[in-house]
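In: Provide a 3D model corresponding to the input given below.
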Amino acid sequence: ILTVLMIVGLFGALSLTTYALTTQEKINQKEQEKKETENKKNETENNIEGMQTQQNTLKGELNNLNIQLTEVSDNLEQLEQQIEDKENEIAQTQAELADAQKTAEDQYAAMKKRIQYMYECGDETFLDMLFSAEDISDLLGKSEYISSITTYDRQQLDKLIETKESIDTLLVKLETEIKQ
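Out: This is a model prediction of the structure:
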């Protein structure tokens, strides 16, 4: 009996030791799982913090891009306004050029008629007028009349030259505006 008791006691002690080892192993395993879970938790928290930092960085970049987009949009509006202004300037210059060309044509036609009349009638008309004077006063009056006609002719020629120069200036201005 004693032997049996000893054998039973030995098996009980062995079984207790095995139970104690099994419980200790379970505790160790649970502590290991707890550490792994805490590590995963810390890793996840670090990932969240990193993502929040990245999100804040991206928000800042988005704000910068929005500011740049606004600036580009404003610049585009200014350029469109400048284009519209330039087109208006070109249209105005073209209208001025057309008016100047019409004026030049009219002045040229009048000057041409005047020259044709002078050619056909010659200087005899002026001479006849001077020789037909009845007295010195009439001669001076007719001389003054001839002088005013000559002055008028010269003024008309000067206007025609001025108009031609104006046309040349407007053409240069128009070419410059178109190039811009």
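In: So what's the gap between whichever strand or helix holds residue 153 and the chain middle?
Out: Element membership for residue 153, per DSSP states H and E: helix 136-179. Taking Cα atoms, centre = their mean, to the nearest Å, one finds the center of helix 136-179 at 44 Å from the center of the full chain.
In: Who are the packing partners of it?
Out: Contact here means 3 or more Cβ pairs under 8 Å, 6 or more residues apart in numbering; DSSP states H and E; on that basis helix 136-179 packs against helix 2-121, helix 124-131. (Each C-beta comes from the backbone N, C-alpha and C, glycine too.)
In: So which of these is the most surrounded?
Out: Comparing the helices and strands packed on helix 136-179 by mean neighbour count (mean count of other Cβ atoms under 10 Å), helix 124-131 ranks first with a mean of 13.
In: Tell me which other helices or strands that helix touches.
Out: Judged by 3+ Cβ pairs under 8 Å, 6+ apart, helix 124-131 is in contact with helix 136-179.
In: Rounded mean pLDDT for the helix it packs on, please.
Out: Here helix 136-179 scores 88 as its mean pLDDT.
In: and the angle for it with helix 124-131?
Out: 150 degrees (axes from the mean of the first three to the mean of the last three Cα atoms, to 10 degrees).
In: now the residue nearest the centre of the chain: how far from residue 23?
Out: Geometric centre of the chain, nearest residue: residue 79, 2.9 Å, by Cα atoms, centre = their mean. Using Cβ to Cβ, to the nearest Å, residue 79 is found at 82 Å from residue 23.
In: for residue 39, same thing?
Out: If you go by Cβ to Cβ, the gap between residue 39 and residue 23 works out to 24 Å.
In: Then residue 103?
Out: 117 Å.
In: The lowest-mean-pLDDT helix or strand in the chain: how far from the chain's middle?
Out: Ranked by mean pLDDT, DSSP states H and E, the helix or strand of the chain with the weakest confidence is helix 124-131, at a mean of 73. Helix 124-131 sits 69 Å away from the centroid of its parent chain (Cα atoms, centre = their mean).
In: ok, the residue nearest to residue 108 when sequence neighbours are not counted - contacts?
Out: Distances taken as Cβ to Cβ, 6 or more residues apart in numbering place residue 160 nearest to residue 108, at 6.3 Å, with adjacent residues excluded. Counting by Cβ atoms under 8 Å, 6 or more residues apart in numbering, residue 160 touches 104, 107, 108, 111.
In: unless I'm mixing things up, the first one is touching residue 161, no?
Out: No - distance between residue 104 and residue 161: 9.9 Å, which falls outside the contact criterion (Cβ atoms under 8 Å).
In: Quick check: residue 93 vs residue 87, distance?
Out: Applying Cβ to Cβ to residue 93 and residue 87 gives a distance of 11 Å.
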